[in-house]
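1. Okay, predicted coordinates and the sequence, questions at the end:
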Amino acid sequence: MSSKIKKNSYKSIKTKLFNSKTKPNQFGKYQILPVIIFSILITIALEILNRQSILNGLGFIITNPLMFLINLLIVLFTLSVAMLFARRRFFLILFTIIWLTLGIANSIILCFRSTPLSAMDFYKFTSVIRAIPLYLKTYQIILFSVFVALSIAAMVFLWKKLKKNRLHLRIPLIMMCISFVLLLMLSDVAIKMNVLLNEFDKLHDDCYEYGFVYCFWNSVFERGIKQPDNYPADPINKTLKNIENK
């Protein structure tokens, strides 16, 4: 009985992945073109917010087209994930709002400090919450809280309002694979051309040079300086004891 259930579930997944026909008139059905357009617009908007200038944000496309394309592929990859869900329109809107919220938060943070928004700010979320009154006034905190509450209410409304779509996993998976492979290839090309560095020394300048999306994406995986190979613990412990004894 269990083997029959497993076979039936395998067949259903297989038909969803491989038996869905993608005719030209179904191009809009999978929303490939809108996702690509959304990715371009989001990437441009994030760079405008990052540089706090419309001209400088648009100029990033011309001055550093390779890094703009890498930033675009990261956004496209994340939006492709949204297409895997039955409520793909909802998750497409949700991921778009998340990216734009990160961009707005980064633009505000740059007004108060030199380092841009990174994943480390979320790893140390409690410390960030405590520091908010140091940067924002009371009415600004209230407005921000109201904005968050309205955003949550809007997402709940959209969740109920937007209907489920039929699952088409093959096209989103292909989009994810293509965007991810291109991202790896172009990143390798950028490093070999010295357009992109492996390690970031000055976060503010690097974020301006390489784009907000790439720097934030990189901060998710790179969480600090790596421990050197020759890093014995004994000398460090002795140094700590000497400091404590002084």
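-> Nice, I can see it.

2. going forward, measure contacts between C-alpha atoms and count neighbours the same way
-> Noted.

3. And the helices in the chain, which stretches?
-> 2-18, 32-51, 54-63, 65-82, 88-109, 120-123, 125-135, 138-161, 170-192, 203-210, 212-221, 233-245 (DSSP state H).

4. deepest of these, which one?
-> Of the helices of the chain, the one with the most neighbours on average (mean count of other C-alpha atoms under 10 Å) is helix 65-82, at a mean of 22.

5. Can you list the neighbours in contact with that helix?
-> 35-36, 39-40, 42-43, 60-61, 88-89, 91-92, 95-96, 172-173, 175-176, 179-180, 182-183, 186-187, 190, 210-214, 217 (C-alpha atoms under 8 Å, 6 or more residues apart in numbering).

6. what would the helices of the chain look like in CSV with mean pLDDT?
-> Compiled in CSV, these are given as follows (pLDDT from 0 to 100):
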stretch, mean pLDDT
helix 2-18, 49
helix 32-51, 91
helix 54-63, 91
helix 65-82, 93
helix 88-109, 88
helix 120-123, 78
helix 125-135, 73
helix 138-161, 84
helix 170-192, 89
helix 203-210, 82
helix 212-221, 87
helix 233-245, 69
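
7. Pull up the gap between K241 and F60, please.
-> 50 Å (C-alpha to C-alpha, to the nearest Å).

8. Next: N50.
-> For N50, the distance to F60 - C-alpha to C-alpha - is 11 Å.

9. ok, now S127?
-> For S127, the distance to F60 - C-alpha to C-alpha - is 33 Å.

10. repeat for Y135
-> 29 Å.

11. L110: neighbour count?
-> The number of residues packed around L110, counting by other C-alpha atoms under 10 Å, is 17.

12. Leaving out chain neighbours, which residue sits closest to it?
-> P116 (5.9 Å; C-alpha to C-alpha, 6 or more residues apart in numbering).

13. wait, what's in contact with that neighbour?
-> With C-alpha under 8 Å, 6+ apart, P116 has these contacts: 106, 109-110, 203-204, 207.
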